[in-house]
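J.: Here is the input, now give the coordinates:
(2 chains)
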Amino acid sequence: MTEPGATGALQGALAAEHAAVYGYGVVGAYLTGASRATAAADWVAHQNARDELEAMLRSRGSQPGPAAIAYQLPIPVRTSGQAVSLAVILEERIATAYLGLVALSTPALRELGALQVRQSALRAAFWRGSTVAFPGLTAAALAAPRRNPALGRQS
Amino acid sequence: MADPTRRALIAAAAALPLVAVSGCNGVNVLASPPRQAADVGLLQAAIGAEQLLVTQYAAVLRGLTGSGAGASAALAAALEPLLGQHRAHLAELRSRLIVPGGSASPSPAARATRAPAVPAAPAAAVAFLRAAEQATAAAMLGRLPGASASLAQLFASISASEATHVPALDDALRDVPGRAGA
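T.: Got it, this is the predicted structure:
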């Protein structure tokens, strides 16, 4: 039933969602007012996406990968501007992870991946204040397959 | 149907890199070359759609530049990067269709090069582009089911980019003072 690679792609997306849930907690802590409210809404969106991925993995008989206890942030965050930059980075990584689902041939997984790439792109564009041509298809995404849940993954 | 040009196109579409994004299943570049013939048709349709969008943006920008007002200049400045991203979409899509011997493909792209009719008033023109973005993004998603893995990723990314253009257009219009003429 389950397409080869589906579990790995779902686990990859889940790892990115775990990192985003952690990261948005940091983002929100450095923001105030409307920005903080937006960060809180995005944080909830990532929690919901994480829960959905965990349920999908369990329904396939797989144990969902756990969140790490802590994550190394990809950039230092001491200011609201840095917090916004972190949100953009988190979303770019999320979009890349969900492109892994788009690569599957199972229609429902491909569709879910595309939907989440779009949602992530919309959040990223809000935080960035501008749009990009290829959400998730960044040079960094091309360079390094994600292997662990660390935010500061470097190859 | 199976002329040499078409076979070369198919081969080009098959030889594409797949973005390695998921975890341990070190992506199957060599696995299951799926439905290349379908990819060619999907690519041509996507190229035609992007080409149309590029010409529509260009036509709107020509109208704004012609009107010369300050508000139009601000709007044009907001539209320029979006047009640039569509040009990038078009270039990436075209790069995945290699036509041998420099013979251009007589595909939807050729038909779309006529200057399209676009509304003249700034607000109406932006609303027109907004609807075009939504339609193009939806059509791009509609191409996912038949596409190879690599092309599906590109379509999904382009569709997501176009989805972000919708709020960007809303912001651009909001920033235009005295937006009359819708």
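
J.: okay, and for chain B, where does confidence drop off?
T.: By pLDDT under 70, the low-scoring segments of chain B are B:1-37, B:67-69, B:98-114, B:176-182.

J.: can you give me the helices in the chain?
T.: Unless you meant another one, I'm taking chain A. Using DSSP state H, the helices found in chain A span residues A:6-29, A:33-59, A:80-102, A:107-128, A:139-143.

J.: look at chain B instead
T.: Here chain B has its helices, by DSSP H, at B:4-14, B:36-67, B:70-95, B:108-111, B:122-142, B:149-174.

J.: ok, back up a step: would you reformat the helices of chain A as JSON lines and include mean pLDDT, distance to chain B and mean neighbour count?
T.: Every C-beta, even on glycine, is put in place using the N, C-alpha and C of the backbone. Converted to JSON lines, these look like this (pLDDT from 0 to 100; distance: least, Cβ to the nearest Cβ, whole Å; neighbours: other Cβ atoms under 10 Å in any protein chain shown):
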{"stretch": "helix A:6-29", "mean pLDDT": "97", "distance to chain B": "4", "mean neighbour count": "24"}
{"stretch": "helix A:33-59", "mean pLDDT": "98", "distance to chain B": "12", "mean neighbour count": "16"}
{"stretch": "helix A:80-102", "mean pLDDT": "97", "distance to chain B": "3", "mean neighbour count": "25"}
{"stretch": "helix A:107-128", "mean pLDDT": "98", "distance to chain B": "4", "mean neighbour count": "21"}
{"stretch": "helix A:139-143", "mean pLDDT": "41", "distance to chain B": "6", "mean neighbour count": "14"}
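
J.: Would you mind saying which of those helices lies nearest B:Ala58?
T.: When the helices of chain A are ranked by proximity to B:Ala58, the top entry is helix A:107-128, at 22.5 Å, counting by Cβ to Cβ.

J.: how far does that closest one sit from the chain's center?
T.: Mean-position distance between helix A:107-128 and its chain equals 10 Å (Cα atoms, centre = their mean, to the nearest Å).

J.: for stretch A:44-64, same thing?
T.: With Cα atoms, centre = their mean, you get 13 Å for stretch A:44-64.

J.: ok, and what's touching that stretch?
T.: Residues from elsewhere that reach stretch A:44-64 (Cβ atoms under 8 Å, 6 or more residues apart in numbering or on different chains): A:2, A:6-7, A:10-11, A:13-14, A:17-18, A:20-21, A:24, A:94, A:116, A:119, A:123.

J.: returning to that earlier point: go through the helices of chain B and pick out the most buried.
T.: Among those, ranked by average contacts under mean count of other Cβ atoms under 10 Å in any protein chain shown, first place goes to helix B:149-174 (a mean of 24).

J.: which helices and strands sit right next to it?
T.: When contacts are defined as 3 or more Cβ pairs under 8 Å, 6 or more residues apart in numbering or on different chains; DSSP states H and E, helix B:149-174 packs onto helix A:80-102, helix A:107-128, helix B:36-67, helix B:70-95, helix B:122-142.

J.: Reformat these as TSV; add distance to A:Ala40.
T.: What follows is those, written out as TSV (distance: least, Cβ to Cβ, whole Å):
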stretch	distance to A:Ala40
helix A:80-102	12
helix A:107-128	12
helix B:36-67	35
helix B:70-95	29
helix B:122-142	27
